[in-house]
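>>> sequence first, then the predicted structure:
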Amino acid sequence: IIGKCNEILAAIEDNGMDKTDPAIKRIMGETYMFRAHAYYWLWTKFGRLYITTKPIKYNEVNNIVCTPATEEDILKRIDEDIEDAVTYLPWELPSENSSLLYGRFTKAVAKHLKVKMAMWEKNYQLAATEEIFARPEYGLMDEPKDVFNAANLNHKEALLVNQFLDGKGGGGTLSGGKYTGHRLSAFTVAAYGSSSGTGSWAFENGGFGWGRIFPNHYLLSLYDQEKDKRFKQFFKLYYTYAEGAKLPANKLPGDTCFANTETKYYDVLHPQCEKFVDRYTMTVPNQTNGYKDAIVYRLAETYLLAAEAYMRLGDQENGRRCYNKTWMRAGNDEEKRDITLQMIMDEHARELCMEGHRLFDVRRWEICEQEGIMKGDMYGIKIYKIDGTKECRYEPYVFEVRTFNRKMYRHPFSTGEMDKGYLIQNPGY
């Protein structure tokens, strides 16, 4: 990505293209954004990078000298590319044949990344921006579930959405004339179909599932389970036997599925996150791939980043106002106390869980070593039926104990990259 971006920007310069042309400006804005985004994610994962802004010519391939950049130079490169993206990108999406081209970068995406970068750099004044909030095309959805309950997620809360279709413009590998889409639903739906006696997959349970990514007890414990709508809208805690399945003795369709061992329960009946469940594009419940869109960035995160920035600046009034956007949408009473970092961290978890932000959030907050975050007892959940009812209760249990060392704040470089000879391995690896 970075190499292609360098080639595009060099071609614009070398060919004297008109930078005032709206089409050229959009190309430049998207190119700067792609490069900034690539360097941003490389930096948050690895820290040490080789920075280049020049295209590599065919006769230079064997004579490249790569020197790791300083932290100052890395941050400067990312900040400048983001600023250029903000300058050249319009707020509006591009269109073709009167149809908006969703999934493309806009000024809103660039400004959102600018805020995320400012938070890493502790530039809270820069991060406390409200330009996106003032735009009429953006706003929070009415209900938490409205953010995810559709195949097409190009709504007012979404800033950047990965687009998926089985035809033209779809994502994934092209096979048999159709794109394969993705398997986020299968990754996050529990493997309840493997439960003793379940025997089949059902859309009411989420369709097919491998159960590879799931919410833990710590996350679920953060919700007011009676008042916070997200607890019931974002998660499924138990599964039911389907019509047509081979049922265990004394079980009927609609009864709660149970496992006969703790290991079986952990493997196949753990609670699941409903954000990526695809009941919209899959035609049969045992289908493993789907075409439901996947949100990359959304306005809820922008509000929570602004709340944190205001809090750190000592502006409690604006901090509360931004914090309450997601908090009250979820059905909670207005928060009138002073906002603390712990409150913001918990709300990040409640609102943005399973969306790919948590690992980098806890790294930025530098709380990975805290008990229950990335080290110590890790809890699973057991489900028990309440006698005489169709209701269930759950209890936490320790399924493993994890360790976290300071070196883990950065990923190690792979052996293949190290063998190229221009990188220095991160400390501790």
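Thanks, I have the structure now.
>>> what about K382, helix or strand, and which?
Using DSSP states H and E, K382 maps to strand 376-385.
>>> so what's the nearest residue to Q287 once chain neighbours are set aside up against?
Leaving aside its chain neighbours, Q287 sits nearest to F208 (6.1 Å; criterion: CB to CB, 6 or more residues apart in numbering). C-beta coordinates here come from the backbone N, C-alpha and C atoms, glycine included. By CB atoms under 8 Å, 6 or more residues apart in numbering, F208 lies in contact with 185-186, 189, 193, 201, 282, 285-288.
>>> could you pick out the buried ones from those?
Buried subset of those (neighbour count, 16 or more other CB atoms under 10 Å): 185-186, 189, 193, 201, 282, 285, 287.
>>> name the nearest of the contacts of F208 relative to E96.
Closest approach between the contacts of F208 and E96, by CB to CB: M282, at 28.0 Å.
>>> could you pull out the strands for the stretch 301-429 of the chain?
Using DSSP state E, counting those that start in this stretch, the strands found in the stretch 301-429 of the chain span residues 376-385, 392-402.
>>> make a markdown table from these and add distance to M17 to it.
Listed next are the strands of the stretch 301-429 of the chain as a markdown table, based on distance: least, CB to CB, whole Å:
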| stretch | distance to M17 |
| --- | --- |
| strand 376-385 | 54 |
| strand 392-402 | 53 |
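>>> E226: which of the ones you listed is closest?
For E226, the closest of the strands of the stretch 301-429 of the chain is strand 392-402, at 13.7 Å, according to CB to CB.
>>> given the closest one, what are its sheet partners and their directions?
Looking at strand 392-402 with DSSP bridges, its partner strands are strand 376-385 (antiparallel).
>>> which parts of the strand it pairs with are buried?
Applying 16+ other CB under 10 Å to strand 376-385 flags 379-383 as buried.
>>> what of stretch 419-429?
Under the neighbour-count criterion of 16+ other CB under 10 Å, stretch 419-429 has 423, 426 buried.
>>> before we move on, what about stretch 402-411?
Residues 404, 408-410 are the ones in stretch 402-411 that count as buried (16+ other CB under 10 Å).
>>> now render those residues as TSV, adding distance to K45 and pLDDT.
Converted to TSV, the buried residues of stretch 402-411 look like this (distance: CB to CB, whole Å; pLDDT from 0 to 100):
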residue	distance to K45	pLDDT
F404	16	92
M408	11	94
Y409	10	94
R410	7	94
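>>> contacts only, for S194.
Contacts of S194 by CB under 8 Å, 6+ apart are 267-268.
>>> and the closest residue to P271 other than its chain neighbours, how far is that from H270?
Distances taken as CB to CB, 6+ apart place L237 nearest to P271, at 4.7 Å, with adjacent residues excluded. For L237, the distance to H270 (CB to CB, to the nearest Å) stands at 9 Å.
>>> next one: E131
Counting by CB to CB, the gap from E131 to H270 is 41 Å.
>>> neighbour count winner among these two?
Counted by other CB atoms under 10 Å, E131 and H270 do not tie: H270 has more neighbours, with 21 against 14.
>>> any shared contact partners between L237 and H270?
Common neighbours of L237 and H270 (CB under 8 Å, 6+ apart) are I381.
>>> lowest-pLDDT helix or strand in this structure?
Here the helix or strand of the chain ranked lowest by mean pLDDT, DSSP states H and E is strand 174-175, holding a mean of 70.
>>> next SSE downstream of that strand?
Per DSSP H and E, strand 174-175 leads on to strand 178-179 as the next helix or strand towards the C-terminus.
>>> grab the nearest non-local neighbour of M282.
Among residues not flanking M282 along the chain, G290 sits closest, at 5.0 Å (CB to CB, 6+ apart).
>>> so that neighbour touches T283, yeah?
No: checked against CB atoms under 8 Å, the pair G290 and T283 is beyond contact range at 9.7 Å.
>>> comparing the two, which shows the higher neighbour count?
Just comparing G290 and T283: by other CB under 10 Å the higher neighbour count belongs to G290, 26 against 6.
>>> first-to-last residue distance for stretch 332-344?
15 Å (CA to CA, to the nearest Å).
>>> which strands or helices does the longest helix seen in the chain pack on?
Ranked by residue count and defined by DSSP state H, the top helix of the chain is helix 22-46. Here helix 22-46 touches helix 2-14, helix 71-88, helix 107-120, going by 3 or more CB pairs under 8 Å, 6 or more residues apart in numbering; DSSP states H and E.
>>> how about residues contacting the first one?
Outside helix 2-14, the residues within contact range by CB under 8 Å, 6+ apart are 17, 19, 24, 27-28, 31-32, 34-35, 38-39, 52-56.
>>> what's the closest of those to F231?
Nearest to F231, judged by CB to CB, of the contacts of helix 2-14 is A38 at 36.2 Å.
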